[in-house]
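Novice: 3D model of this:
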Amino acid sequence: MSDWPVDPDNKTTSWKLAVWEALKRLNKNTIGHAITRTSLIEQELPRIVAETKSVGLTPQQTLSRVLQDLRADGVLLFDGNGNYRLSKTVANMPLNQAIVTEAQALVMARRGQGQFRRTLDVRWKSCCPLTGLMERELLRASHIIPWAACESESERIEPENGLLLSVLWDAAFDRRLVTFLDDGAAVRCSGLSTTGLAVLQANGKQRIDGLTSGNRERLGWHRAQCKFA
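Specialist: Just a heads-up that it's a prediction; the model follows:
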């Protein structure tokens, strides 16, 4: 007999609790492997439906909405390609505690973002290494491993995890339309046309000079998340 708190007027809360606990179970059973929506459906959805006493006809759609909610709460991380994982900080916490903890972490991280940007300004001499742009409004402190995918708060503000890129390069890099090799050479990924790459490179170089070992290590992670034509 389930002891889940079920509120018939607030199915969302019940579903979030049930999905959170399902994610925690999968997280323990898939150490070293990503959690996918498919694995949730195959291994946990019947239990979730039973625990929430759901009588709807679209539990898979409800599951998708709840996954989006948990991502918005910061407790569920999306690594791309359909892969999810739990933030290590909160992986064993009750849902309410996990949400509060991640909210507090977000506040602290935002406070650290200013220092992150200032450090990158110094590191890259307030200049995009590809375009040469120096207008601060056109430069972005780009995370190599995205903020949401970082394993710790310190990694989120680690300068070795940052590049100072023009807004166009930053957008392409953040969306994994381009990535960089260890020698700094730009590589086109799936989703970006050769014309798009030519536009990116039109007013600058095709390579970032001066990457550190820390940059290269994290770029290896970034490349692993990209799809190539």
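
Novice: all contacts plus neighbour counts: C-alpha atoms, from now on.
Specialist: OK.

Novice: Now the element after the lowest-mean-pLDDT helix or strand in the chain, going C-ward?
Specialist: None of the helices or strands of the chain scores lower by mean pLDDT, DSSP states H and E than strand 76-80, at a mean of 79. Sequence-wise, the next helix or strand downstream of strand 76-80 (DSSP states H and E) is strand 83-86.

Novice: Show me which residues of whichever helix or strand comes after that next one are buried.
Specialist: Counting by DSSP H and E, the next helix or strand C-terminal to strand 83-86 is helix 95-123. Using 16 or more other C-alpha atoms under 10 Å as the test for burial, helix 95-123 gives 95, 98-99, 101-102, 105-106, 109, 112, 116-117, 119-121, 123.

Novice: just to revisit the earlier point, so which elements touch the least confident helix or strand of the chain?
Specialist: helix 59-73, strand 83-86 (3 or more C-alpha pairs under 8 Å, 6 or more residues apart in numbering; DSSP states H and E).

Novice: Relative to the whole chain's centre, how far out is it?
Specialist: Counting by C-alpha atoms, centre = their mean, to the nearest Å, strand 76-80 is centred 5 Å from the centre of its parent chain.

Novice: just stretch 131-149 next, same as before
Specialist: Taking C-alpha atoms, centre = their mean, one finds stretch 131-149 lying 16 Å from the centre of the chain it belongs to.

Novice: what does stretch 142-160 give?
Specialist: Using C-alpha atoms, centre = their mean, the offset of stretch 142-160 from its chain centre is 10 Å.
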